[in-house]
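Asks: here are the coordinates; sequence isn't available:
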């Protein structure tokens with residue numbers, strides 16, 4: 001019998017396959033992505049991560065389990081002081097200051113994605129919070145791992161740092177903790193509850209695909 005996370009993963013596979021095959025993702029892997037496209041993505045993703053951290057913070061507010069609160073608090077720290085280090089490193093290399101980032105307006109698809117996650121999390125409970133963030137965390141972990149396996153990709157002078165960051169044991173450990181917590185909280189849930197979680201997970205996966213497409217086309 002499949003776990004809840006395995007069912008969610010299976011349901012999202014058609015969308016994730018498109019993510020893996022998207023020219024933006026492939027461009028990071030083979031080094032052909034233009035700096036202009038990556039710069040656009042970097043700025044939008046930096047803004048996205050602040051709202052992403054807020055979703056985790058909502059989980060802390062909604063949880064009554066101290067261990068869950070600690071895990072989510074650690075996740076917020078990992079985003080703001082871990083994952084965003086990759087972005088700040090690239091910003092330094094590209095000559096972008098944090099002040100300049102906040103002069104950038106989030107794109108329409110960026111706003112739609114973060115507003116969806118925040119709305120779902122505000123309206124629901126801790127399970128909705130976890131499922132709404134898991135598509136991003138898990139798909140990035142998988143993309144990083146797949147790209148890192150391509151010959152020379154992890155050693156690329158520019159994109160190698162991005163690839164190794166998301167392929168790192170630390171990032172995978174953090175994601176796996178979220179997967180396991182999702183399974184624990186939703187174990188034995190009703191089919192109606194599962195279907196609601198699947199809808200959220202697949203929708204967020206579609207937003208992830210839209211984010212790659214938006215960045216590829218430089219859509220504001």
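Replies: Looks like it arrived, so ask away. Everything numeric in this text was worked out from a predicted model, so none of it was measured.

Asks: Dead centre of this protein: give me the residue that sits there.
Replies: Centroid-nearest residue in the chain: residue 136, 2.5 Å away (criterion: Cα atoms, centre = their mean).

Asks: Pull out the buried positions in the one helix or strand it maps to.
Replies: Following DSSP states H and E, the helix or strand that holds residue 136 is helix 126-148. Going by neighbour count (16 or more other Cβ atoms under 10 Å), the buried part of helix 126-148 is 126-144, 146-148. Bear in mind the C-beta positions are built from the backbone N, C-alpha and C, glycine included.

Asks: Give me the average confidence score over it.
Replies: The predicted model gives helix 126-148 an average pLDDT of 97.

Asks: So which other helices or strands are in contact with the helix or strand bottoming out on mean pLDDT in the chain?
Replies: Across the helices and strands of the chain, mean confidence by mean pLDDT, DSSP states H and E is lowest for helix 98-101: a mean of 89. Helix 98-101 sits against helix 35-62, helix 84-94, with contacts defined as 3 or more Cβ pairs under 8 Å, 6 or more residues apart in numbering; DSSP states H and E.

Asks: ranking these by mean pLDDT, which is last?
Replies: Ranked by mean pLDDT, those end with helix 84-94 at the bottom, a mean of 92.

Asks: quick check: angle from that helix to helix 35-62?
Replies: Helix 84-94 and helix 35-62 are oriented at 150 degrees to each other (axes from the mean of the first three to the mean of the last three Cα atoms, to 10 degrees).

Asks: Tell me the buried residues in helix 84-94?
Replies: In terms of neighbour count (16+ other Cβ under 10 Å), helix 84-94 has its buried residues at 84, 86, 87, 90, 91.

Asks: what's in contact with that helix?
Replies: Residues from elsewhere that reach helix 84-94 (Cβ atoms under 8 Å, 6 or more residues apart in numbering): 35, 38-39, 42, 45-46, 49, 97-98, 101, 158, 161-162, 165.

Asks: One more: stretch 177-188?
Replies: Here stretch 177-188 makes contact (Cβ under 8 Å, 6+ apart) with 3-5, 8, 68, 71, 75, 126-127, 130-131, 133-134, 137-138, 193-194, 197.

Asks: switch the cut-off to 6 Å
Replies: By Cβ atoms under 6 Å, 6 or more residues apart in numbering, the residues outside stretch 177-188 that reach it are 3, 4, 5, 127, 130, 134, 137.

Asks: tell me how far the next helix-or-strand element following the least confident helix or strand of the chain is from the chain's mean position?
Replies: Beyond helix 98-101 on the C-terminal side, the first helix or strand identified by DSSP H and E is helix 108-123. Helix 108-123 has its C-alpha centroid displaced from the chain centroid by 13 Å (Cα atoms, centre = their mean, to the nearest Å).

Asks: tell me which residues in helix 108-123 are buried?
Replies: The neighbour-count check on helix 108-123 (16+ other Cβ under 10 Å) flags 109, 110, 113, 114, 116, 117, 118, 120, 121 as buried.
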